[in-house]
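Enquirer: I would like to see how this sequence folds:
(3 chains)
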Amino acid sequence: MDLRLLGARARNELVGGPLEVAPRLLGKVLVAYDQQVEADGWVGAAAGRIVEVEAYLGAEDPASHAFRGPTARNRTMFGSPGLLYVYFSYGMHYCCNVVCQPPGTAGAVLIRALEPLAGLEMMRARRSVRRVGSAPLRDTELCSGPGKLCQALGIGPSDDGADLLAPTSRIRLGEARGTPQDVRRGPRIGISQSHTTAGEHWRWWEAGNEHVSVRPRR
DNA sequence: CTTTGGATCGTCT
DNA sequence: GACGATCCAAAGG
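Expert: Residues are numbered from 1 along each chain as shown, chains lettered A, B, ... in the order given. Down below sits the predicted model:
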């Protein structure tokens, strides 16, 4: 199957409230090219199909980085729909979001897991850097978590603010690869209880997909 | 299989 | 000075 990158005309698909845009991202392809030149197709790409997402709102969401208004760290969240918001987590990992609300308001969708489609060996190499001597990673361990997929795709601080729909960006979005069959939703992962409200089901994933992150609840 | 604790540092109080 | 939108290895059943 060929890869069809989304262009500026697809921007409207990414505009809206995070609760509306998040499930819409399931099935789409996240692509990271090795070079920053105008690339296309699978060559030189590490790519995966989005199988798990979470919605993060603005002032109404205590768990969101944007809860207390714009800062130097979260400024991309207040930017335009289609931008990639990358943040540094736990002093060790990076996580990435798709911004979905117009400038001035904040809203984004955290990409939590990918089903690897291309560049598997590049992913394995990047993911193994801090694991010298350990057994080779299985495919299901490459992108089954927000920190893992950023490491696998080489996403870091220099990718913060990149336009996912621009031909010059290293990180792009591709057209959905099949419609997710069994989409389920539940509480977000890793949020402290004081920041959550009972009944908030702001995490979506494709049921039965082996690449979805599996983490303990608290 | 599940549970637990350590690593590690930027951000905001 | 405390706390994470996390991950991993080690220990326990």
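Enquirer: distance check, A:Ile189 against DNA strand B.
Expert: A:Ile189 sits 13 Å away from DNA strand B, going by C-beta to the nearest atom of the strand, to the nearest Å. Just so you know, the C-beta spots here come from the backbone N, C-alpha and C atoms, and that holds for glycine as well.
Enquirer: actually A:Thr197, sorry about that
Expert: Look at A:Thr197 and DNA strand B: by C-beta to the nearest atom of the strand, they are 20 Å apart.
Enquirer: now do A:Ala46
Expert: Going from A:Ala46 to DNA strand B by C-beta to the nearest atom of the strand gives 24 Å.
Enquirer: now swap in A:Ala162 and tell me
Expert: To DNA strand B, A:Ala162 is 17 Å away according to C-beta to the nearest atom of the strand.
Enquirer: what about A:Ala166, distance to A:Leu153?
Expert: Note on A:Ala166: its distance to A:Leu153, by C-beta to C-beta, to the nearest Å, is 17 Å.
Enquirer: who's in contact with stretch A:160-172?
Expert: By C-beta atoms under 8 Å, 6 or more residues apart in numbering, the list of residues contacting stretch A:160-172 from outside reads A:5-8, A:10-11, A:14, A:30-33, A:35-36, A:38, A:76, A:79-80, A:82-87, A:96, A:98, A:153, A:155, A:159, A:173.
Enquirer: quick check: the residue lying farthest from the centre of chain A vs A:Met122, distance?
Expert: Centroid-distance maximum for chain A: A:Gly133 at 28.8 Å, with C-alpha atoms, centre = their mean. Noted for A:Gly133: a distance of 20 Å to A:Met122, by C-beta to C-beta.
Enquirer: strands along chain A, start to end?
Expert: Listed in chain order, the strands of chain A (DSSP state E) span A:29-33, A:45-56, A:84-89, A:93-99, A:108-118, A:171-174, A:183-186, A:203-206.
Enquirer: do any residues in stretch A:146-160 lie close to DNA strand C?
Expert: Yes. Remark: stretch A:146-160 sits within contact range of DNA strand C at A:146-149, by C-beta under 7 Å from any atom of the strand.
Enquirer: what's the answer for stretch A:67-78, then?
Expert: Yes. Applying C-beta under 7 Å from any atom of the strand, one finds stretch A:67-78 in contact with DNA strand C at A:Met77.
Enquirer: list the buried residues for that stretch?
Expert: Across stretch A:67-78, burial judged by 16 or more other C-beta atoms under 10 Å covers A:67, A:70, A:74, A:76-78.
Enquirer: which ones, among these, also lie beside DNA strand B?
Expert: Contacts with DNA strand B within these, counted by C-beta under 7 Å from any atom of the strand: A:Asn74.
Enquirer: rebuild the buried residues of stretch A:67-78 as JSON lines, extending it with pLDDT.
Expert: Converted to JSON lines, those look like this (pLDDT from 0 to 100):
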{"residue": "A:Phe67", "pLDDT": "97"}
{"residue": "A:Pro70", "pLDDT": "97"}
{"residue": "A:Asn74", "pLDDT": "98"}
{"residue": "A:Thr76", "pLDDT": "98"}
{"residue": "A:Met77", "pLDDT": "98"}
{"residue": "A:Phe78", "pLDDT": "98"}
